[in-house]
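> Show me the folded form of this:
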Amino acid sequence: MYQCVYDTATSYIGRELRKIYCLNEKTKVGHEMKKGLELLKLDETNCFTKKTKALIMPSKEMLEKWIIEEAKKFIFCKFVLALNKDLHSPLTLAASIIDKKIDNNEKLLQKITMLEFLIKKLQHVNWHYGPINLSTVDLTGIEINYPLLTNYEIDSIIYNDDNDSGEEIIFGNELDRMINYYLQNKEIIDSKQSYGAVELRNWSQLIIDKINTMQPALQWLCQNDCDKAVLIPSVQEIIQKKWRYTMMMMIGMIMMMTMILKMMGIVMICFIFFGDLFSIFLLG
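Numbering: from 1, shown residues only. Predicted coordinates:
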């Protein structure tokens, strides 16, 4: 079911990308597309979406491959990695709502299936040879928090700074700049009731209040003590690799500390030995 929804959304975005390609047919290959980009604009998303790169004009030979790749990138950034107002992505939300104390076996299986589907979408196959494949997975959202302030954006906010230059300031694609501006002008913005001021205040305050509550999926699973979800092959593999890496780091640090202690012992022995010789030389 989840794959069907994902494929339908990807197909729709693919059709829109084909329209954009036709509108930019005079653009040179390798140059940025400028026309028809509003076809991909998501109006009133009311959430945080990951920033996307500019569309680059492909050659006719690479058109079909380009459409598939760009459609997947768009769905990935704007839906799979999107964050709601609780700063949950679909992945972290799926991990946070698993509760083996309340959920029956059927409900628990549904939630774990959804979680496994989302984790698989984060995997990237580098190469495959028959039944063997090598894949990598981005741990952002799984083990590391999403970089909200630097890599995400919201719907544009137009704020009229009538106390300064009187010009309109547009916020949305630089959240760190928006937060800094709000904190520096908090009293002025809080006193205004214009739509732009209210939106700027609400979004800024939401980020300030919620950003420290963000947790990656693995932390939610551990917090909810969900042993069945931890047994998902991809999750289990991540935990095992992390454990092996941690063990290697610990062994390396122990070996390094042992070498340092040995070197310090040798230095102390040499210091005592040559100190005695120097004393004998002075007395003799």
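> now this protein, which segments are flagged as low pLDDT?
1-2, 43-44, 162-166, 227-228, 230-231, 233-234, 238-249, 271, 273-284 (pLDDT under 70).
> how's it carved up into domains?
2-137, 148-213, 234-283 (automatic domain parsing).
> Which of those sits closest to Gln219?
domain 2-137 (8.3 Å; Cβ to Cβ). In this view, the C-beta of every residue, glycine as well, is placed from N, C-alpha and C.
> With distance to Cys226 as extra columns, can I get the domains of the chain in TSV?
Formatted as TSV, these follow (distance: least, Cβ to Cβ, whole Å):
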stretch	distance to Cys226
domain 2-137	5
domain 148-213	19
domain 234-283	10
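> where does the residue most central in space within the chain land in three-state SS?
By Cα atoms, centre = their mean, the chain has its centre lying nearest to Tyr146, at 3.7 Å. Secondary structure state of Tyr146, per DSSP: H, G, I helix; E, B strand; the rest coil, is coil.
> Secondary structure of Leu218: a strand, I assume?
No: Leu218 is assigned helix when assessed by three-state DSSP, not a strand.
> pretty sure it is touching Ala229, no?
No: contact criterion Cβ atoms under 8 Å: Leu218 and Ala229 do not qualify, at 9.5 Å.
> Residues that sit against both of these two, list them.
Ala95, Val235 (Cβ atoms under 8 Å, 6 or more residues apart in numbering).
> Burial check on Lys78, number of neighbours?
19 (other Cβ atoms under 10 Å).
> and it, that's in a helix?
Yes: assigned with three-state DSSP, Lys78 falls within a helix.
> Give the full set of residues in contact with it.
Leu42, Thr45, Thr49, Lys50, Thr52.
> who's more crowded, Leu218 and Ala229?
Applying other Cβ under 10 Å to Leu218 and Ala229 shows that Ala229 carries more neighbours, namely 25 against 21.
> Can you tell me the element that one falls in?
Using DSSP states H and E, Ala229 sits within helix 227-230.
> Pull the contacting residues for the nearest residue to Lys34 once chain neighbours are set aside.
Excluding the flanking residues, the one nearest Lys34 by Cβ to Cβ, 6 or more residues apart in numbering is Asn24, at 6.9 Å. Residues counted as contacts of Asn24 (Cβ under 8 Å, 6+ apart) are Met33, Lys34, Lys35, Gly36, Met57.
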